[in-house]
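J.: Need the 3D shape of this:
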Amino acid sequence: MARDDYRTIADAVAADIEAGRLRPGEQLPTQRAFARRRGIAASTATRVYRELALRGLTTGEVGRGTFVRAGQGARDGARDGRVALAEPGAGPVDLELNFPGVADQLALLAGSLTPLLRPDVLGEALRPVGVAGTAATRDAFAALASRSCGGPEVAPDSLLFAGNARQLMAAALSALASPGQRVGVEEMTYPVVKAIAGQLGIRLVPLAVDEDGLLPEAVAAAHRAAPLKALYVQPRLHNPLGATMPPQRAQALAREVRRLDLPVVEDAVWSFLCPGVDAFAAYAPERTVLVDSLTKRLGAGLSVGFAVVPQGVRERMAGALRSAGASPSGFALEAAVRWIGDGTVAAVAAAKQADATARQDLARTVLTSRRVRADGRSYVLWWPLPAPWRAETFVAAAARAGISVTPAEAFAVDPRRSPAAVRLALASPPLPVLGRALAQLQRIEAEGPGVGI
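T.: Numbering: from 1, shown residues only. Down below sits the predicted model:
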C-alpha cells in the first residue's frame, strides 16, 4: 500500500465518528478483524488504530479493546481531539475545568487597578518587559514565593516570568531535555504536560505513585532502565489524584534525585490552597525549578507565570522563553505587584481555600462511595469506578445528563494503562448546582452502564 494509505483509512473512521455512525463508548473491532474487513495488512490496521488514538478519537484498554472516546461525534459536539483541558467543557455543568471564583474577588482586584489608569502610570506599565521582569516584580514575587515554598527565602534574582505557567513548564523542559530524551512523570499527570512533551519530542516515562505521591524507587528503576534527564512532579495537591507528598516522602525523593543527579520541575500552581506545606523545592532547592502562577489564585484573564530557577538552569530557561516569545505582559506584572503589596492576593487566596474546603465537604456529604479520593483542601476529586463501568462510558452517560467530567485517559501517560476512573473539577459551578450534579453522577454510577452508550 502507499505510504499514507493508513491515514486515508483513519480519515474514513474519523468521519464515521464525526457523523455519529460510531458513538461515544462504542467498541471498535479487533485490529485483526478490522484488517480482514478492510482487506488490509495487520500492520496497516495497527497504524490506523495508532493514528486514531493520536488524534484523540479513541482510547484503548488493555485486555478490553479500543473504544470511541466520549466528546466525539455529531451528537456530542465535535472537539479537536487532543485532550488539553484548556477550554470550558461542553456540558451545561462543567466539572472538567477549574475556574475558582469567590465573592468580592472582582471588587478587590478592581480597587488595586485604579491607580494604573493614570496616563503616566499606564504608559510605564505598557512598556515591553523581559523574562527577568523588573526589580519591583522580582522583589514582590520573591516575597510571595518565599511564603508559599517554605525553606530558605527565595532570592529575587532567581525568578523568571512568562505569560502563564504552561510557558514556563515548556521552557523548563526544553532547557533540561532534548528531543528523544526521557523525562519521568507521575503515571497520571497534567494533560498539558503531555502535549508540551509531544511538541518538544520528549519521551515521558510514567512512574508509579501511591497515596503519598511519587515513589523514589520508581524513579531509580526507570533511571536504571534508561537514563532520565529530569522529573516533572506535582507534590502538592496533585492533579488529578489530589495527593500531597508528606515530608518523609519528599526527603526520600530529594535524596534519590541528588544521588541520580536529576533536575526536577515542580508544578506548584495549586499550592496556594495548602499553605504551610513546604514545596519539594525546599528539600532540593539547588536542582528544582518551581513553577507557579497567579491564574488560579486570581483569574485566567490577566495571568502571570513565575518560576524560581536554580542558577545552573536560569540562562538556558530564559533563552527558551525568549525564543518562544513568552515574555510576560508589563501591565499584568504591574497589576500583580500592586495586588501582592496591598494584600489582595493573600485575601483572595484565603477565600478560595475556604471555598475549596466547602466544596469538598459538600462532595463528602453527597457522594457515599468509599472509592472516591480527594484532599479536603483541593478543587479536584478522583473517582475510581466499579465494574462494569469504563471511564469513557461513564463520561458519555454524564454528558447525556448535561454534566461534563474528565476520563482518566486524559491524564494517563500510557493510555493503554488508563484506569476506569474520572476526575471531577469542583470549582466552577455554584454550590447548589454542584450538589445536584454530584447527586446525579452518583445515581448514574449506581444504575450502571446504559444500553447503547
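J.: Please pull up the helix or strand immediately following whichever helix in the chain runs longest.
T.: Taking DSSP state H as the criterion, the chain has its longest helix at helix 344-366. Remark: after helix 344-366, the chain's next helix or strand is strand 380-384, criterion DSSP states H and E.
J.: can you give me how far that following strand is from the chain middle?
T.: How far strand 380-384 lies from its chain's middle: 14 Å, per C-alpha atoms, centre = their mean, to the nearest Å.
J.: Tell me the helices and strands packed up against that strand.
T.: strand 421-425 (3 or more C-beta pairs under 8 Å, 6 or more residues apart in numbering; DSSP states H and E). All C-beta atoms are positioned from the backbone trio N, CA, C, and that covers glycine.
J.: in the next helix or strand after the strand it packs on, what's buried?
T.: Under the assignment DSSP H and E, the closest C-terminal helix or strand after strand 421-425 is helix 431-447. Within helix 431-447, the residues that count as buried by 16 or more other C-beta atoms under 10 Å are 434-435, 437-438, 440-442, 444-445.
J.: what would those look like in TSV with distance to A170?
T.: Compiled in TSV, the buried residues of helix 431-447 are given as follows (distance: C-beta to C-beta, whole Å):
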residue	distance to A170
L434	32
G435	38
A437	33
L438	34
Q440	37
L441	34
Q442	38
I444	37
E445	37
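J.: Redo the residues you listed as CSV? Include pLDDT.
T.: CSV is the format used below for these (pLDDT from 0 to 100):
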residue, pLDDT
L434, 96
G435, 96
A437, 96
L438, 97
Q440, 96
L441, 96
Q442, 95
I444, 94
E445, 94
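J.: Would you tell me which one of those residues comes nearest to V337?
T.: Minimum distance to V337 across those is 34.2 Å, recorded for L434 (C-beta to C-beta).
J.: give the contact list for the closest one.
T.: 93, 95, 359, 362-363, 426 (C-beta atoms under 8 Å, 6 or more residues apart in numbering).
J.: P206 too?
T.: So P206 contacts 185-187, 412-414, 417 (C-beta under 8 Å, 6+ apart).
J.: As a markdown table, those residues with secondary structure and pLDDT would be great.
T.: Listed next are the contacts of P206 as a markdown table, based on DSSP: H, G, I helix; E, B strand; the rest coil; pLDDT from 0 to 100:
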| residue | secondary structure | pLDDT |
| --- | --- | --- |
| V185 | strand | 98 |
| E186 | strand | 98 |
| E187 | coil | 97 |
| A412 | strand | 95 |
| V413 | coil | 95 |
| D414 | coil | 92 |
| R417 | helix | 87 |
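J.: just checking, A351 touches A103?
T.: Yes - in terms of C-beta atoms under 8 Å, A351 counts as a neighbour of A103; the distance is 7.4 Å.
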